[in-house]
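> need the 3D shape of this:
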Amino acid sequence: MIKKLPLWAKIFLGMGLGILWGLVAVWTGSEKFTTNWISPWGNIFLKLLKLIAVPLIFVSLVKGISSLTDITKLSRIGYKTILVYLLTTVFATTLGLILVNVMKPGGFFPDDKQEQYREKFSGQVELRQESAREFEEQSPLHFFEEMVPENIFSAAGDNSNMLQVIFFAILFSIALVLVPGKKVEVVKDFFDGLNDVILKIVDMIMRFAPVGVFALMAALVVAYSGDADIFTALGMYMITVVVGLSLLILGLYPLLIRLFAGVKIGRFLKGILPAQLVAFTTSSSAATLPVTLKQVTGELKVSKTIANFVLPVGVTINMDGTSCYQAIAAVFIAQVFGIDLTVSQQITIVLTATLASIGSPGIPSGSIVMLIIVLNSVGLPVEGLALILGVDRPLDMLRTVVNITGDSTVASMVAKSEGELGD
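Predicted structure coming up:
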């Protein structure tokens, strides 16, 4: 019977059983058993997804772009993709600011908890401060400088250098388009075959997804069992972030998908659900990419040409969930410390969070370092980061869901505008 269930149902089942196992483990004192014998299976699943991420991005981009024999069409798709990504990111940041100013979660934070959390997470704050200082001391053009790899093999060996892989893939693909057809037919055939092999690997990995999700959720419940007071103290902050991210998932994206892609909202939400569940458990847009590609092309009927270009780019530059969260977190910290932010400072947060979200790596908690950049941009104490680190992981899980849902939405919109969205 279980074998006949669709993938999303199996993942849901795995998630539910994982939460149940984690609660039972805490109740019976079996945390060590869960950590030693259950948690590793979640790490294996996560590693498998990361293993296939780089080759999938490279091959899918090459296959997608090289199939566009018209360079003007490539530039048109690229322009649309980046423009829509930026507009949705600005909207997400603005939404976050509105919510945090209306709900004022900082006013609920107990004063006696501040020093406790600063001490508890001071080491993590210092590490992230150092990373942020290095980032801020760099040239304004450092982002573009880092985009170009010195060695493609070194870049491909590190998932945090995804932008460099994308740059080389685009460069390689454009060269394939410009070289006369007969000379590169063998290369194109090779990538066609390689793409099929990689997709088959993705299919094999996804058969393991329910087990991996079970292990990840069980480990998460066990890891946070001793920190229930953090959830109580920061409950209002979490609610504000969850409301903002939920409005994006259930409000903005369904509206865009209906108006600009003509896709029924129910079909969209059902089609992208398996990718959302994997994103929620892995907290990594890059690791979820194989599933996102599979669902967008298979269920939403976006052409592989469009999906293979828009989705890998989105993993790097489209971080709506991250930008919304950064805006809320920055103002929340200001409220906790009793600092009133001016309108100009909040506009600065919108701009900085938008740019910082573009530079956030698509890996778990990759946005924390970028949050320090946002805090520094308006003179807020970075020590306030310690107040929210305790609840970052569950919120990071939901942020990732927003990010990949946004990627899927934009892919559908671009495909519709190019007449490459199936019924």
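> my read is residue 26 is in a strand, agree?
No: with the criterion set as DSSP: H, G, I helix; E, B strand; the rest coil, the secondary structure at residue 26 is helix rather than a strand.
> now residue 101: how far from residue 84?
With the distance defined as C-beta to C-beta, to the nearest Å, residue 101 ends up 26 Å from residue 84. C-beta here means a position set from N, CA and C on the backbone, and glycine is covered the same way.
> wait, I meant residue 222
In this structure, residue 222 lies at 40 Å from residue 84, with C-beta to C-beta as the measure.
> same thing with residue 265?
From residue 265 over to residue 84 the distance is 18 Å, taken as C-beta to C-beta.
> tell me which of those two has more neighbours.
Each of residue 265 and residue 84 had its neighbours counted (other C-beta atoms under 10 Å), and the higher figure belongs to residue 84 (22 against 13).
> spit out the contact partners of that one.
Contact partners of residue 84, counting by C-beta atoms under 8 Å, 6 or more residues apart in numbering, are 410, 413, 414.
> surely residue 237 meets residue 388?
Yes: with contact defined as C-beta atoms under 8 Å, residue 237 reaches residue 388; the gap is 6.7 Å.
> list the residues that contact both of the two?
Common neighbours of residue 237 and residue 388 (C-beta under 8 Å, 6+ apart) are 329, 332.
> quick one: the helices in the stretch 151-300 of the chain?
With helices called from DSSP state H, counting those that start in this stretch, the stretch 151-300 of the chain shows them at 152-156, 162-178, 181-207, 209-223, 228-233, 235-247, 253-261, 265-282, 285-298.
> tally of neighbours for the closest residue to residue 215 other than its chain neighbours?
Among residues not flanking residue 215 along the chain, residue 42 sits closest, at 3.3 Å (C-beta to C-beta, 6 or more residues apart in numbering). Residue 42 has 22 neighbours, counted by other C-beta under 10 Å.
> now residue 175
Applying other C-beta under 10 Å, we find 12 other residues in the vicinity of residue 175.
> can you check the one 4 residues further on too?
Residue 179 is flanked by 12 other residues according to other C-beta under 10 Å.
> before we move on, what about residue 282?
The local packing count at residue 282 equals 25, with neighbours defined by other C-beta under 10 Å.
> hmm, it is touching residue 46, no?
Yes: under the contact definition of C-beta under 8 Å, residue 282 touches residue 46, with a separation of 5.6 Å.
> ok, and which of the helices of the stretch 151-300 of the chain has the densest surroundings?
helix 285-298 (a mean of 25; mean count of other C-beta atoms under 10 Å).
> show me the shaky parts of the stretch 51-200 of the chain.
Within the stretch 51-200 of the chain, the stretches falling below the threshold (pLDDT under 70) are 67-71, 109-143, 159-160, 162-163.
> and the longest helix seen in the chain, which residues are buried?
In terms of residue count, the longest helix belonging to the chain (DSSP state H) is helix 71-103. In terms of neighbour count (16 or more other C-beta atoms under 10 Å), helix 71-103 has its buried residues at 74, 77-78, 80-82, 84-85, 88-97, 99-100, 103.
> what's the angle between that helix and helix 162-178?
Compare the direction of helix 71-103 with that of helix 162-178 by axes from the mean of the first three to the mean of the last three C-alpha atoms, to 10 degrees and you get 160 degrees.
> going forward, count from 10.
Yep, numbering from 10; the last one is helix 80-112 now.
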